[in-house]
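**Student:** sharing a sequence plus its predicted fold:
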Amino acid sequence: MAESTIKIPVGPQHPFLKEPCKFEFEISGEEIRGAKIRMGYNHRGMEKACEDRNYYQCLYLLERICGICSHSHTTAYIQAVESLLGLELPKRGLYLRTLVCELERLHSHLLWLGVAAHEVGFDTLFMYTWRDRELVMNILEEISGNRVNYAINTVGGVRRDITAEQRKKILDLTKVVRERVAYYANIGTNEPSFMARIQGVGKMSTERAIEKCAVGPFARASNVDRDVRRDDPYAAYGDLEFKVITSDSCDILGRVVVRVLEMVESCKMIDQLLDKLPEGEIAVQKVPRRVPAGAAVSRYEAPRGEDVHYVRSNGTDKPERVKVRAPTLCNLEAAAESVVGSYVADIPIAIASIDPCFSCTDRTTVLLNDRRRGVRMATWEELRRHGVDWYRQNKGIRF
Amino acid sequence: MKFDYEKELQTLFPAGEARKTAERRYWVNVPPGELHDAVRTLRGKLGIVHLSTIVGEDLRDAFLNSYIFSGEVVVTICVRIDRDKPEVPSLAPVVDGAMVYEREIHDLLGIVPVGHPDLRRQILPEDWPEGVYPLRKDYVVAQGPTETEKKEEA
């Protein structure tokens, strides 16, 4: 008798991730026999929109592709433009750009670790990692002025320099992050309830990962030794010493280990960058508006893997074609394949294990009754009375 | 001694005008019929296995598919496609990862990868009209009223 299977649709609204994507799983009992993906719910036509904008406007548009790896997309794009212009960038600019790259990787990996923990019901770890992520976000805000879309890149360099005080703050941060990461490495590989959910789940063999053209930590956890930072060094990576972390366990445990150890490498790189930070200009002073005709391919190792931008110029101040290939696109199909054979309950963590992008742009600052800074919370009635009194005293208006 | 990719590509693809544009960036032209062989040569002889992406674009007089392969260096295989008969052999039977990129190009530019095993829609919505391809240069984005204009009208 032929085995009967049932198809269940998951999504497109919030399919265990805060990102629209539709999955169709074919299940038999509790076991998954097949998976299909339908993307495109977030398609905003940015590639077409780029054709109507000049190179600088495109930069700010592309920054908004993603709320987590915004720096990745601008750097990948800008490297293609700079290569078409034939610009020689000042060293200090390249170092600062790389610094933000690695800080971004730190915050992204901490975010992912929290999400992964949340997906298996380990919310304590989720709270811990997101608290630590705040430290990185604060530093990013301090050096760039923004928490999410840093806007630090510009054609020919970066827009802001760092001060000696900020340098010290970043060095203090890497010390703290290293301590915390050691703690997470211990939990991630020893905590029995966590291990039971991730070990041997979501298997992806090395051969399939290569054939599916998987990238980033997902591929490296399947023992594919591939990292753009080493293989195709850009910005300041040629001057840095670091290890490419791989794991041969080919499961979600491997993906946790790879990302956790990558954070240690990032801390090392940040220390080296600040140690060697050269003096001088941070950007090329005069950049031509028109870009000579040609085509360029730029690769960048985003926190989620290889990010590819392709720019074709036509000699004007607007690009002819901008193509963006984000890392999640090549990993998503592979992730769907990796859940085949496991149980329905493993779907969220298996899909989340590739770290699909979702935005984290919301934030508010609330200062409640902070007397030290003279900030006090007022009720609506108090505010109204204050307004009436102020206008009576200062403007002579009587209500 | 460093391996000379430019020379090697010129011998492997005599008619391909192999050229180097920047550090570790190589380009080669290939006619549509020879795409599969070219990719096999690239993966087999030069060990450049990873397909980074496929870029489809409208050159106005023709379409161009650029297959970006990366390994030690980045080699882009450019295939010019007739605008009146936009067909190109699908790369999916040779490289599994090509599937998603070909679907995307089919959606946005209407270039048909012949022999693609699963050519469903990937990016455009289900109710998008057939035969309209937004990334072609003759497709004009409809300009609706801006937010301020809407307010002024109301």
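**Tutor:** Sure, I can see it.
**Student:** where does pLDDT dip in chain B?
**Tutor:** Applying pLDDT under 70 to chain B flags the ranges B:1-2, B:143-147, B:154.
**Student:** same deal with chain A?
**Tutor:** Those would be A:1-2, A:357-377, A:399, if you go by pLDDT under 70 across chain A.
**Student:** near chain B, which residues of it?
**Tutor:** Within chain A, the residues that sit near chain B (C-beta under 8 Å from any C-beta of the partner chain) are A:38-40, A:43, A:45, A:47-49, A:52, A:83, A:210-214, A:226, A:231-232, A:294-297, A:299, A:306, A:308, A:310, A:312, A:320-321, A:323, A:325, A:329-330, A:332-333. For the C-beta atoms, the positions are set from N, CA and C on the backbone; glycine is no exception.
**Student:** among those, name the buried ones.
**Tutor:** Neighbour-count burial within the residues of chain A next to chain B applies to A:38-40, A:43, A:47-48, A:83, A:210, A:212-214, A:226, A:231-232, A:294-297, A:299, A:306, A:308, A:310, A:312, A:320-321, A:323, A:325, A:329-330, A:332-333; the criterion is 16 or more other C-beta atoms under 10 Å in any protein chain shown.
**Student:** so of those, which ones are in strands?
**Tutor:** A:38, A:294-297, A:299, A:306, A:308, A:310, A:312, A:320-321, A:323, A:325 (DSSP state E).
**Student:** for these, work out which two are farthest apart.
**Tutor:** A:Arg38 and A:Gly294 (36.1 Å; C-beta to C-beta).
**Student:** quick check, A:Ala219 in contact with A:Glu211.
**Tutor:** No: counting by C-beta atoms under 8 Å, A:Ala219 stays clear of A:Glu211, with 11.2 Å between them.
**Student:** mind listing what the closest residue in space to B:Phe63 that isn't next to it in sequence touches?
**Tutor:** Using C-beta to C-beta, 6 or more residues apart in numbering or on different chains and skipping the chain neighbours, the partner closest in space to B:Phe63 is B:Ile81 (4.1 Å). By C-beta atoms under 8 Å, 6 or more residues apart in numbering or on different chains, the contact set of B:Ile81 is B:32, B:62-65, B:87-88, B:111.
**Student:** quick check, nearest of the residues you listed to A:Pro278?
**Tutor:** B:Leu64 (40.3 Å).
**Student:** may I have the secondary structure class of that closest one?
**Tutor:** strand (DSSP: H, G, I helix; E, B strand; the rest coil).
**Student:** number of residues surrounding it?
**Tutor:** Around B:Leu64 sit 19 other residues, with neighbours defined as other C-beta atoms under 10 Å in any protein chain shown.
**Student:** tell me how many other residues surround residue 3.
**Tutor:** Assuming you mean chain A. 7.
**Student:** hmm, I had chain B in mind actually
**Tutor:** If we define neighbours as other C-beta under 10 Å, then B:Phe3 has 9 of them.
**Student:** distance of the residue of chain B at minimum distance from chain A from B:Asn65?
**Tutor:** For chain B, the residue closest to chain A is B:Gly97, as judged by C-beta to the nearest C-beta, at 2.9 Å. For B:Gly97, the distance to B:Asn65 equals 15 Å [C-beta to C-beta, to the nearest Å].
**Student:** ok, now B:Arg121?
**Tutor:** For B:Arg121 relative to B:Asn65 (C-beta to C-beta), the value is 19 Å.
**Student:** how about the nearest residue to A:Arg398 once chain neighbours are set aside, secondary structure?
**Tutor:** Closest residue in space to A:Arg398, ignoring its immediate chain neighbours: A:Arg392 at 6.0 Å, by C-beta to C-beta, 6+ apart. Using three-state DSSP, the secondary structure recorded for A:Arg392 is helix.
**Student:** which strands and helices lie in contact with the helix or strand containing A:Glu104?
**Tutor:** Using DSSP states H and E, the element containing A:Glu104 is helix A:91-119. Where contact means 3 or more C-beta pairs under 8 Å, 6 or more residues apart in numbering or on different chains; DSSP states H and E, helix A:91-119 is packed against helix A:70-85, helix A:123-144, strand A:157-158, helix A:164-190, helix A:252-276, helix A:347-352.
**Student:** the first one vs helix A:123-144, what angle?
**Tutor:** Angle, helix A:70-85 to helix A:123-144, by axes from the mean of the first three to the mean of the last three C-alpha atoms, to 10 degrees: 40 degrees.
**Student:** helix A:70-85 vs strand A:305-313, what angle?
**Tutor:** In terms of direction (the same axes, to 10 degrees), helix A:70-85 departs from strand A:305-313 by 40 degrees.
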